[in-house]
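[1] here is my input, please return the structure:
(chains A and B)
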Amino acid sequence: AQSVTQLDSQVPVFEEAPVELRCNYSSSVSVYLFWYVQYPNQGLQLLLKYLSGSTLVKGINGFEAEFNKSQTSFHLRKPSVHISDTAEYFCAVSETNAGKSTFGDGTTLTVKP
Amino acid sequence: DAGVIQSPRHEVTEMGQEVTLRCKPISGHDYLFWYRQTMMRGLELLIYFNNNVPIDDSGMPEDRFSAKMPNASFSTLKIQPSEPRDSAVYFCASSRTGTQYFGPGTRLTVL
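    Residues are numbered from 1 along each chain as shown, chains lettered A, B, ... in the order given. Now for the predicted structure:
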């Protein structure tokens, strides 16, 4: 069975500062990894995904994530955040490139002026 | 494409009433998922379909909940009878590959 742990439930940060949102996963097979973002009163939308190949994945809005197989991690980073990045971020893992994903509990990123 | 469409966007009902939530997935997607989101329990997968067939309904909280997908372009989630603890935002999502596309959600309030 697969599982996802988002290590921080809330991350406050000042505008233009760098941020890292941490995600660890557990699976007995190869995995596909995703980060989704949920803005207030909206559904989740894909930020980026790792399927195979380069372990550094770039996504929308300047976010990137690095897949680390030895540490079973997929941390999300942004070098300089904006107020508009305030949202909830979900890490998800799937054992196939189809079907269901297992989602983490989410990390609330709050960017302060 | 218009994305995943859910209706209604808001529903307020009284305890004991039947509630039906509707979802139109993105055309060509063969997976459909129903989720529930609350502050207390976070995002929960209720049930998902593949090619209109329910694959896993282990997340459905109890027999009061039922879901159907009569064709590739329509699904419903029904709660009968509704209870105040069912108050939540219900999301529908569809996919063809691993990426899921979420609808805007239905905010359900049961008084």
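[2] for B:Arg85, phi and psi?
    The phi/psi pair for B:Arg85 (degrees, to the nearest 10) reads phi -70, psi -10.
[3] test for you: state the pLDDT assigned to it.
    According to the prediction, B:Arg85 has pLDDT 96.
[4] can you report how many residues lie near it?
    11 (other Cβ atoms under 10 Å in any protein chain shown). Using the backbone N, CA and C atoms, a C-beta is placed for each residue, glycine as well.
[5] in stretch B:74-90, which residues are buried?
    Applying a neighbour-count criterion of 16 or more other Cβ atoms under 10 Å in any protein chain shown, one finds B:Ser75, B:Leu77, B:Ile79, B:Ser82, B:Asp86, B:Ser87, B:Ala88, B:Val89, B:Tyr90 buried in stretch B:74-90.
[6] ugh, wrong one, stretch A:27-46
    Across stretch A:27-46, burial judged by 16+ other Cβ under 10 Å covers A:27, A:31-38, A:43-46.
[7] so who does residue 50 touch?
    Reading this off chain A. By Cβ atoms under 8 Å, 6 or more residues apart in numbering or on different chains, the contact set of A:Tyr50 is A:Tyr32, A:Leu33, A:Phe34, A:Val57, A:Ala65, A:Phe67, A:Phe74.
[8] ah, no, chain B please
    Contacts of B:Asn50 (Cβ under 8 Å, 6+ apart): A:Gly99, B:Asp30, B:Tyr31.
[9] so the last one sits against B:Ser94, correct?
    Yes - counting by Cβ atoms under 8 Å, B:Ser94 is a contact partner of B:Tyr31 at 6.3 Å.
[10] ok, these two, which is more surrounded?
    Set B:Tyr31 next to B:Ser94 and count neighbours by other Cβ under 10 Å: B:Ser94 wins out with 25 against 20.
[11] give me the element that one is part of.
    Assigned by DSSP states H and E, B:Ser94 belongs to strand B:88-95.
[12] up against chain A, what does chain B have?
    With Cβ under 8 Å from any Cβ of the partner chain as the criterion, chain B comes near chain A at residues B:4, B:31, B:33, B:42-43, B:45, B:48, B:50, B:55-56, B:91, B:93, B:95-105.
[13] center of chain A - which residue?
    A:Trp35 (3.5 Å; Cα atoms, centre = their mean).
[14] kindly report the same for chain B.
    Note: chain B centre (Cα atoms, centre = their mean) maps to B:Trp34, 3.6 Å.
[15] and the residue nearest to it when sequence neighbours are not counted, what element?
    Among residues not flanking B:Trp34 along the chain, B:Leu46 sits closest, at 4.5 Å (Cβ to Cβ, 6 or more residues apart in numbering or on different chains). Assigned by DSSP H and E, B:Leu46 belongs to strand B:42-50.
[16] next, the contact list for B:Phe33, please.
    Going by Cβ under 8 Å, 6+ apart, B:Phe33 touches A:Lys100, B:Leu45, B:Ile47, B:Tyr48, B:Phe49, B:Cys92, B:Ala93, B:Ser94, B:Ser95, B:Gln100.
[17] and it, what element?
    Using DSSP H and E, B:Phe33 falls within strand B:31-38.
[18] ok so, going back, so how far is the strand holding B:Leu46 off the chain centroid?
    Distance of strand B:42-50 from its chain centroid, counting by Cα atoms, centre = their mean, to the nearest Å, is 8 Å.
[19] adjacent strands (with direction) for that strand?
    strand B:31-38 (antiparallel), strand B:53-56 (antiparallel) (DSSP bridges).
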